[in-house]
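J.: attaching a predicted model along with its sequence, questions to come.
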Amino acid sequence: MERAECLQMIYPELEDKLVVTIMGACAQELYNLGHRENFFYLQHAMGLASSIGLGLATHLPNERVVVLDGDGSVLMNLGTLATLARYRPKNLIHVIFDNGSLLSTGGFDSQTASGVTDLDAIARGAGVQHVAHAVTTLDFGEAFLAAIERQELSVIVAKVAALGPDHYGMDLQLGENAFRFRRWIRERTRAAGATA
Ligand SMILES: Cc1ncc(C[n+]2csc(CCOP(=O)(O)OP(=O)(O)O)c2C)c(N)n1
């Protein structure tokens with residue numbers, strides 16, 4: 001299974017959700033499908049996409065938040081899973097694309113490549129109740145739709161090949177992306193208030 005095909009599959013579902021991605025390959029692959037103002041590509045801060053997602057989810061309970069993470073990033077901030085489990089935001093789906101690699105910086109093996117470190121088990125042990133493991137795009141699509149319907153904190157560990165985009169280059173700097181993302185949230189919150 002390839003991450004790019006997983007992203008393509010869920011792309012229509014991401015239209016009205018706050019999406020936070022890690023940097024590098026994952027960000028580029030989502031961007032290549034077509035940028036939307038509700039997408040925030042967290043550059044540089046490896047490991048913290050889920051922390052940003054948690055902050056968004058707890059402060060914006062009427063929004064759905066999707067974090068698109070990587071194994072290397074999660075391994076750099078393992079405490080995030082315990083924090084997510086502690087606060088259990090119902091509106092957060094945390095997808096971990098586990099390619100066993102630090103792909104975006106040269107493709108070095110991560111600790112999951114050896115099969116010793118098991119991110120599903122870590123998520124469960126951290127206290128996350130809904131953890132899915134996907135090895136095919138069908139599994140992945142089903143797990144994602146189930147997470148949307150469930151409306152409970154959900155973690156999906158998707159085993160993907162260590163493959164990335166064929167080019168890098170996003171015409172969107174971090175600052176501009178953050179500013180526009182915030183504006184999208186503000187306008188939507190205002191519009192929801194006006195119709196309430
Ligand atoms: C604290 C920190 N260390 C190292 C880096 C460099 N870096 C950027 S992306 C990346 C690999 C990310 O791996 P993973 O989350 O598994 O995603 P993948 O690139 O495999 O899609 C690394 C090491 C960084 N940005 N921040």
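T.: Nice, I can see it.

J.: tell me how far the residue of the chain found nearest the ligand lies from residue 101.
T.: Per CB to the nearest ligand atom, residue 70 is where the chain lies closest to the ligand, at 2.3 Å. Using the backbone N, CA and C atoms, a C-beta is placed for each residue, glycine as well. With distances taken as CB to CB, to the nearest Å, residue 70 is found 9 Å from residue 101.

J.: equivalent analysis for residue 60, please.
T.: Note on residue 60: its distance to residue 101, by CB to CB, is 32 Å.

J.: which strand or helix spans the residue most central in space within the chain?
T.: Here the mean C-alpha position of the chain is nearest to the C-alpha of residue 68 (CA atoms, centre = their mean), at a distance of 1.6 Å. Residue 68 belongs to strand 65-70 when assigned by DSSP states H and E.

J.: put the alpha carbons of that strand into CSV.
T.: Taking C-alpha atoms only, strand 65-70 is exported to CSV below (Å, rounded to 0.1, in the frame of the first residue of the first chain):
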residue,chain,number,x,y,z
VAL,A,65,-9.6,17.2,13.0
VAL,A,66,-7.4,14.8,11.0
VAL,A,67,-3.7,14.5,11.7
LEU,A,68,-1.6,12.8,9.0
ASP,A,69,1.6,11.6,10.8
GLY,A,70,4.6,9.4,10.2
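
J.: need the residues that contact that strand.
T.: Contacts of strand 65-70 with the rest of the structure, by CB atoms under 8 Å, 6 or more residues apart in numbering, involve 7, 10, 14, 17-22, 24, 26, 30, 49-50, 52-53, 56-57, 89, 91-99, 103-104.

J.: mind doing that once more with 6 Å?
T.: The list of residues contacting strand 65-70 from outside it, by CB atoms under 6 Å, 6 or more residues apart in numbering, reads 17-22, 26, 49-50, 53, 56-57, 91-97.

J.: in PyMOL, how would I select just the buried ones from the residues you listed?
T.: In PyMOL syntax, the buried subset of the contacts of strand 65-70 is picked out as below (16 or more other CB atoms under 10 Å):
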select buried, resi 17+18+19+20+21+22+26+49+50+53+56+57+91+92+93+94+95+96+97
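
J.: what are the buried residues along the longest helix along the chain?
T.: Ranked by residue count and defined by DSSP state H, the top helix of the chain is helix 174-195. By neighbour count on 16+ other CB under 10 Å, the buried set for helix 174-195 is 177, 180, 181, 184, 185, 188.

J.: quick one: name the residues of this protein near the ligand.
T.: Listed as neighbours of the ligand in the chain under the rule CB under 6 Å from any ligand atom: 22-26, 44, 46, 70-73, 99, 101-105, 110.
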